[in-house]
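[1] Predicted model, plus sequence, below.
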Amino acid sequence: MADTPMVSLTIEGRAVRVPAGTSILEAAKQAGVLVPHYCYHPGLPIAGVCRMCLVEVEKAPKLVPSCATAVAEGNVVHVHSPKALEARKGVLEFLLINHPLDCPICDQAGECELQDYTFREGRAQGRLGPEPKRFNPAEDFGGDVLYVTNRCILCTRCVRFMEDVAQDPVLNVSERGDRAVIGKFEGRDLTHPWAGNVIDLCPVGALVSKDFLNKARAWELDRTASICPNCTQGCNTMLETRDNMVVRMKPRPNAEVNHFYLCDEGRADYRWMNRADRLEAPLVRHHGDRLVAADWEVALKAAAGHLNGKRVHAVVSPMLSTESLWMLSRLVKKSGGRGAFRVARGTEAPLAGVKDLALRAERAANVRAAELLGFTKTDRPLDGLQQGDVLVIAGQELEAADTPALARASAVIVIGTHLFAGAREAIVVFPATNVAEEEGTFVNLRGRVQRYLQARAAPGMARPVWWALADLLAFLGESASYFTAAEAFAAMAQARPEFAGMTYDSLGLAGRVISGAGEAMAGAAR
Amino acid sequence: MGYPHRSHPKETPVLSKHFGDPQARTLDGWKQRGGYRALEQALGMTPADIVNVVKDSGLRGRGGAGFPTGLKWSFMKPGDGKPHYLCVNADESEPGTFKDREIMRWTPHALVEGTALAAHAIGAETAYIYIRGEFTEPLRVMEAAVKEAYAAGILGAKAMGTPHRIDVHILRGAGAYICGEETALMNSIEGKRGNPRIKPPFPAAAGVFGMPTTINNVETLCAVPHILVNGAAWYKALSLSSPKSTGTKLFSACGTLARPGNYEVTLGFPFKDFLYDLCGGPLPGRRFKAVIPGGSSVPIQSMEEAESTLMDYEGFVAKGSMLGSGGVIVFDDSVCMVRMIARLARFYAHESCAQCTQCREGTAWTTRILERIERGQGTMQDLDVLLELSENMTGKTICVLSDSCAAPIVSGIAKFKKEFEAHITGKKCPVTAAAAAAAA
Amino acid sequence: MSAHEGTAEAYRPVFTGAAVTELSEILSRFPTKMAALLPALWIVQRERGWVSPDAMVEVAEQLGLTPAYVKGVVSFYTMYHTHPVGKHFIQVCTTSPCGACGAEKVVDALLQHTKCGELGATSPDGRFTVIEVECLGACGFATPILVDDDFIESVTPDKVPQLLSQYR
């Protein structure tokens, strides 16, 4: 990195050294000091309008907006001096005179920055006299977005997001003074595929999700780091659960992948993680007749029996974890067979203001890993199924067009989350966990290996696919004994050069790019 | 001159010499009165030399900020390869101020000349004259004058036959006081909401369209031709007191007084003479009670303070206020101060752009409290709240509209407390009560 | 005199013929299309008497902006009408300097003689709408009013009837 001049300053008594041009607010972050703020957001152009971030800088004539002021050598900054506290208290008071006492019915409660700062630094009592609070009706902006006008603090994050990041300025500030509100044009709803991010950006409950409306309280939620399974971008997410149900999916910041954002389609697509009609126990065909529940030992033994000496043709889901796909590839290779996958496609929807971020055309998270591990991408994954092969279907439903090919298979083994129509042909069915119920990794389209963690308990006896396959391989005489996904991954890293040196620890929650991905990325970047 | 009144002998008419003279509007008429000699001279000078003359003269911005003009022009770096812009602030909306409209409608070519001169001095080929939308007569008159100037070759690709291009465009505002703030003005020109910008960056570094820009007030620019023709020393000598304030200023006098109008005096002029002599003092049977000397955004003066003020930048500060735009609003003893201050707060609440929390909410809230007090429904605590809110509204925002709302409130409560108390404890206005008693 | 469009009729574009030439000239003054927005809106208001949502869409298309953006700008500036107004639009200054000089009485006289009844309402015969505005920058000539583009100084209640009679 070229030599950037550095600046030394003191913030709340802590010395910190940052590159010239850094704002005081960001420098404070690095010093471990949070400067309360609303309108500032690292992903958005600076507005400097909320006035919460005013700090005291020694020798400066006035309080200084720390989000909009660059550090200067030798600055001595006070964030919690009496003057700064007084100023923030003033801002909070001004915000609260018209802000309705909606906390009991507002979804933002518990994760509301107005609540947080008021509780910490605001006045205990309001001083608004008999003057009535300003009232404006709520407005449905379209998409998932509901605008509760009265709660708005006019921070303009939403306007700046649409203008600068989505590059589609369809939200405005209308009117002037205390009549100002956020608005859209009548008859034109928010249809931008990334518009839902304004809900996350809104510091208060002015922009709320209609999908999440009145569904749960923020403090009831458990939050788990995950990866969106719905396309190859691999946006980092937070799966939020309540009583073991996934109720919301929100973006988790990753500067290399999705910055602070998640597309609307991905955000909305979590309900299937909760579906109730799940396979909860392994099933074995009893006397060639019907499928009956069995325990894992029995089912594995039965499956191994059918697999012995046969070639495997695997049809896998590109949404399975890398660990699972690796196990499947081992099974395929051991038998001298082949594997294939189909991936659903949709319209690509870039977020124009962010480099290399889009809802990708290929609607599954682990296409890259599937290809890397030797599975063929095709619209007709059963074409390679040869007479007498054992067909292993993992994590994937079959389509009507696939059914004729089934006749060629000597046996069908299914590993999945629910019993789909074609699965009734299977001789063994193993119950699998979905992305919310297991730990694993996905490899995104740029070769970034990213971990996701378990957010909810798996139903019944369901197990991650890698575990089922590892046990199956063990029954077939392979060495494959792993207690955790981390172990499985480590074993894969030993065996596959792309993952050399990677461990769950080294991946952390930001991920790492597979080696050799650089050249491949240049070609793949579309 | 004290247009619409006859010029008072104590005035020093420089900019206002031809107010009321329709002949001065035309190009020929203006030339006969000495116009465009300065521009011709300036086009033969280097920008640096012009800037030095203006610096030397001590001319300070006449819009309200009082920033030294020559210094402001010197911020425009020559030869940076970027197009420079001049914006002329003709958005005059500060209550009490009505001087720029007179300059434009009586001596439009003074402004055309001043604009062209300034454009040359700062290396700008394009100048925008932003006139508030309500000034329909100045808009018409200025459009006609610019057209004349183009036809005569004074403006255009070869200004006055020199290789310098000077283009002047008249732009019409659309009803926003805040567009008189220089960065809001630039945003308005760019086709945006008139929101003031955070500084830095400063206009001279990145202004309109992101290019180096200077914004000057109408009156400021009209002084420059006189400075160039008569010399900086002449302008400095027009000062009666402090060397920090030079030249003349048009003061707009209005409110309850005998002769409202614009009066041009040298800076340092005694305010007492101005009020009682030039402006004719109070109306028959009345006494002056309060003065806001610099447009409504400056603190209110008591008559004690006003009558001992010398009219220059430092003089007003010494007596509890500021020179500001020079809009002198005079209130006599028939005027209810509480009502006036409440109405001023309502003005600011109407004009707030809505960016900063303190201004957006504070201007509206203080207005409501003041109107409630005026109606007789206030409490003594309301006064404490008003003062605290004013403190929170001062020095904490992107621009000073918020501060401007606070100024009359703080000074009003401090200097006219009895009137506020009468509204609160007596639940009625002492002024109207006295008037009613007198009529009875 | 400006024509006043009703909302029920199909929208006729403003920027045809001479207005297009006018807009081109305006665009040539600025390095961006966006900067032509305020002048373009003045053209719309001159031609139609107000800026309708359809007009905002048209202006947006002409200048490569979004209708939401145009609306945000229109709603900021008080001189653009966002709904039809009376044939003659009257603006009266009532800010403190004029307020101290009897501006409120002028307002009352105007409301009375136009028969508007209240501020912002259009008179029954459709001739007038009266509103209060902030400082018009003619404080020494209290009370100033604007009737359409006519700036009239020193209005007092007694002058109102005669003044109004000039506007049919």
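    Arrived safely, thanks for sending.

[2] tally of neighbours for residue 153?
    I'll assume chain A. 26 (other C-beta atoms under 10 Å in any protein chain shown). Just so you know, the C-beta spots here come from the backbone N, C-alpha and C atoms, and that holds for glycine as well.

[3] My question was about chain C, not that one.
    15.

[4] That one - nearest residue in space that isn't next to it in sequence?
    residue C:141 (3.7 Å; C-beta to C-beta, 6 or more residues apart in numbering or on different chains).

[5] Could you do residue A:49 as well?
    Residue nearest to residue A:49 in three dimensions, not counting chain neighbours: residue B:355, with 4.2 Å by C-beta to C-beta, 6+ apart.

[6] Report the secondary structure state of that neighbour.
    Classification of residue B:355 using DSSP: H, G, I helix; E, B strand; the rest coil returns coil.

[7] so where do the helices sit in the stretch 251-400 of chain B?
    In the stretch 251-400 of chain B, the segments counted as helices under DSSP state H, counting those that start in this stretch are B:271-273, B:303-307, B:313-318, B:337-351, B:357-374, B:380-392.

[8] Which residues of the stretch 51-200 of chain B lie near chain C?
    Applying C-beta under 8 Å from any C-beta of the partner chain, we find that the stretch 51-200 of chain B lies next to chain C at B:83, B:92-98, B:100-101, B:126, B:132-137, B:167, B:169, B:171-177, B:188-194.

[9] burial measure for residue 36, as a count.
    Chain wasn't specified; assuming chain A. The number of residues packed near residue A:36 is 21, by other C-beta under 10 Å.

[10] looking at chain B here, not the other one
    When neighbours are counted by other C-beta under 10 Å, residue B:36 registers 21.

[11] residues in contact with the residue nearest to it when sequence neighbours are not counted?
    Nearest residue to residue B:36, sequence neighbours excluded (C-beta to C-beta, 6+ apart): residue B:113, at 5.7 Å. When contacts are counted by C-beta atoms under 8 Å, 6 or more residues apart in numbering or on different chains, residue B:113 touches B:30, B:35-36, B:38-39, B:225.

[12] what about the residue in the stretch 201-350 of chain A that chain C sits nearest to, neighbour count?
    Going by C-beta to the nearest C-beta, chain C is nearest to residue A:207 of the stretch 201-350 of chain A, at 15.2 Å. For residue A:207, the neighbour count with other C-beta under 10 Å is 28.

[13] Need the three-state assignment for residue 10.
    All of this refers to chain A. strand.

[14] Next one: the residue of the stretch 151-300 of chain B found nearest chain A, what pLDDT does it get?
    Residue nearest to chain A within the stretch 151-300 of chain B: residue B:198 (4.6 Å; C-beta to the nearest C-beta). Predicted confidence (pLDDT) for residue B:198: 96.

[15] And it, how far from residue A:28?
    Per C-beta to C-beta, to the nearest Å, residue B:198 is found 18 Å from residue A:28.

[16] for residue C:145, same thing?
    Relative to residue A:28, and taking C-beta to C-beta, residue C:145 is found at 53 Å.

[17] try residue C:111
    Residue C:111 sits 56 Å away from residue A:28 when distances are taken as C-beta to C-beta.

[18] Please apply the same query to residue B:383.
    Distance of residue B:383 to residue A:28, computed by C-beta to C-beta: 37 Å.

[19] List the residues that contact the residue of chain C positioned farthest from its centre.
    Ranked by distance from the centre of chain C (C-alpha atoms, centre = their mean), the top residue is residue C:31, with 27.7 Å. By C-beta under 8 Å, 6+ apart, residue C:31 lies in contact with B:83, B:209.

[20] Look at it and report its pLDDT.
    So, for residue C:31, pLDDT stands at 97.

[21] looking at this, it is in a helix?
    No. Assigned with three-state DSSP, residue C:31 falls outside any helix and is coil.

[22] Return the distance of it relative to residue B:174.
    To residue B:174, residue C:31 is 21 Å away according to C-beta to C-beta.

[23] Not counting residues beside it along the chain, what's closest to residue A:67?
    Among residues not flanking residue A:67 along the chain, residue A:40 sits closest, at 3.8 Å (C-beta to C-beta, 6+ apart).
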